[in-house]
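Student: I would like to see how this sequence folds:
(chains A and B)
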Amino acid sequence: DGGITQSPKYLFRKEGQNVTLSCEQNLNHDAMYWYRQDPGQGLRLIYYSQIVNDFQKGDIAEGYSVSREKKESFPLTVTSAQKNPTAFYLCASSTQSEVGGYTFGSGTRLTVV
Amino acid sequence: KNQVEQSPQSLIILEGKNCTLQCNYTVSPFSNLRWYKQDTGRGPVSLTIMTFSENTKSNGRYTATLDADTKQSSLHITASQLSDSASYICVVSGGSNYQLIWGAGTKLIIKP
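Tutor: Numbering: from 1, shown residues only, chains lettered A, B, ... in the order given. A predicted model of the protein is given here:
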């Protein structure tokens, strides 16, 4: 079955530590996205990529980094520069024209300990 | 400012009852409006996508309406089931960069 897989489901980060969240899709979608979800707020876009080896900052990119070396993969690194990283992180993918909307992964819950 | 406002924030209804969730937006120019269902701890799943010319769209027991003149949309759920318990998120595509503007969602709880 085609889909989008995020791992791990739960992640704990110590102060000053970088962590990487994985996102893999086998839908042959060109575009991939990272969102952050906090209670009581709408999803906020962190980074997005429309083709391999290219990505753009979203609304809240500070303290995050991404890479897009393969069409299937779009990992997100939460760096120590992100001062409030505790949140639910969602990865999504879509066709270039967004026909059918976005397909989301199951999310990664990141907690600072 | 491009915004999407959803009401109510939360709603509790009995199983088998109907309910309607509201979405008001100020996004311009408008491209399309989407409703997503998000179960707790999971990613959102698309229910409907509506363009400017569509007034009503159904997906099983879910019916979405769009009034582009008043910039309002609603999601009506018929004969609710326990599995309908989730957050329902309204998303509008538009603005100068045709970005997605996400509402904060309505948390729906269905009680037996």
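
Student: get me the contact residues on chain A for chain B.
Tutor: By the rule CB under 8 Å from any CB of the partner chain, the part of chain A lying against chain B is A:4, A:6, A:40-45, A:88, A:90, A:92, A:98, A:100-107, A:109. Heads up, the C-betas are built off the backbone N, CA and C, glycines and all.

Student: list only buried entries from those.
Tutor: Buried residues within the residues of chain A next to chain B, counting neighbours by 16 or more other CB atoms under 10 Å in any protein chain shown: A:4, A:6, A:42-43, A:45, A:88, A:90, A:92, A:98, A:101-107.

Student: how about those, which pair is most distant?
Tutor: For those, the farthest-apart pair by CB to CB is A:88 and A:98; their separation is 22.6 Å.

Student: sorry, back to before: so of the residues of chain A next to chain B, which ones are in helices?
Tutor: Judged by DSSP state H, the subset of those located in helices is empty.

Student: buried residues, stretch B:46-66. List them.
Tutor: Here stretch B:46-66 shows B:46, B:47, B:48, B:49, B:50, B:57, B:62, B:63, B:64, B:65, B:66 as buried, counting by 16+ other CB under 10 Å.

Student: show me which pair in these is furthest apart.
Tutor: Farthest-apart pair in the buried residues of stretch B:46-66 is B:46 and B:65; separation 16.9 Å (CB to CB).

Student: ok, residue B:44 touching residue B:36?
Tutor: Yes. The pair residue B:44 and residue B:36 qualifies as a contact (CB atoms under 8 Å) at a distance of 3.7 Å.

Student: show me where chain B dips below the pLDDT cut-off.
Tutor: Within chain B, no stretch has pLDDT under 70.

Student: what does it have sitting close to chain A?
Tutor: So chain B meets chain A at B:4, B:9, B:34, B:36, B:41-46, B:49, B:89, B:93, B:99-105 (CB under 8 Å from any CB).
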